[in-house]
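**Student:** Okay, here's the prediction I keep looking at, along with the sequence it came from:
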Amino acid sequence: MMVADTDVLIDYLTGQEPAAGRVALELEHGRLHTTAITRAELLRGARSARQRTAVATLLEALDTLPLDAVAADRAGDIARELDSAGQSPAMADALIAGIVVANGGVLLTRNQRHFARVAGLRLSAMAGAGDEDESD
């Protein structure tokens, strides 16, 4: 199962390649999911009516994986492990990673620097615009 991170979904919405094409391909094949955390981040960032409509349309096409007890426990483990290594993650990143790991997914992201540190998290990297450090 492929799980899209916030950055690649924003790229899709803004037409930034290569993520826009990759997300479109995954959507076409019905293989793309996202997390409840990414869903909230997208909705938060949709400021105009046009953006809100585009985000709502995209979210209708995606299955949203919830932050349930198993995923929350895994996120707590991930955050604690990274804290112990002196690499404290943003809570949103730990929650996204916990959801993906708990569901046996592969995270589609450009945010390699943050997510590559998570033991057991499988990544599908996206190079392209903005692949430097991300805040989400």
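**Tutor:** Yep, it's here.
**Student:** show me where this protein has strands.
**Tutor:** The residue ranges that make up the strands of the chain, judged by DSSP state E, are 2-4, 32-35, 63-65, 106-109, 122-125.
**Student:** TSV for the ones you listed, including mean neighbour count, mean pLDDT and distance to L95?
**Tutor:** (C-beta placed from N, C-alpha, C; glycine too.) Listed next are those as TSV, based on neighbours: other C-beta atoms under 10 Å; pLDDT from 0 to 100; distance: least, C-beta to C-beta, whole Å:
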stretch	mean neighbour count	mean pLDDT	distance to L95
strand 2-4	25	97	12
strand 32-35	25	98	7
strand 63-65	17	97	11
strand 106-109	22	96	12
strand 122-125	15	88	16
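**Student:** so can I have TSV of these showing distance to L25?
**Tutor:** Output for these, formatted as TSV (distance: least, C-beta to C-beta, whole Å):
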stretch	distance to L25
strand 2-4	10
strand 32-35	9
strand 63-65	16
strand 106-109	11
strand 122-125	12
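**Student:** for the chain, which helix is longest?
**Tutor:** Identified as the longest helix of the chain according to DSSP state H is helix 69-84.
**Student:** Report all helices and strands that that one contacts.
**Tutor:** Contacts of helix 69-84 with other secondary structure elements, assessed using 3 or more C-beta pairs under 8 Å, 6 or more residues apart in numbering; DSSP states H and E, are made with helix 91-102.
**Student:** Now the helix it packs on: buried residues?
**Tutor:** Residues 92-102 are the ones in helix 91-102 that count as buried (16 or more other C-beta atoms under 10 Å).
**Student:** Would you mind getting the angle between that helix and helix 69-84?
**Tutor:** 120 degrees (axes from the mean of the first three to the mean of the last three C-alpha atoms, to 10 degrees).
**Student:** what's the average pLDDT for helix 91-102?
**Tutor:** Here the mean pLDDT over helix 91-102 is 97, rounded to a whole number.
**Student:** For that helix, what is the distance to the chain centroid?
**Tutor:** Distance of helix 91-102 from its chain centroid, counting by C-alpha atoms, centre = their mean, to the nearest Å, is 9 Å.
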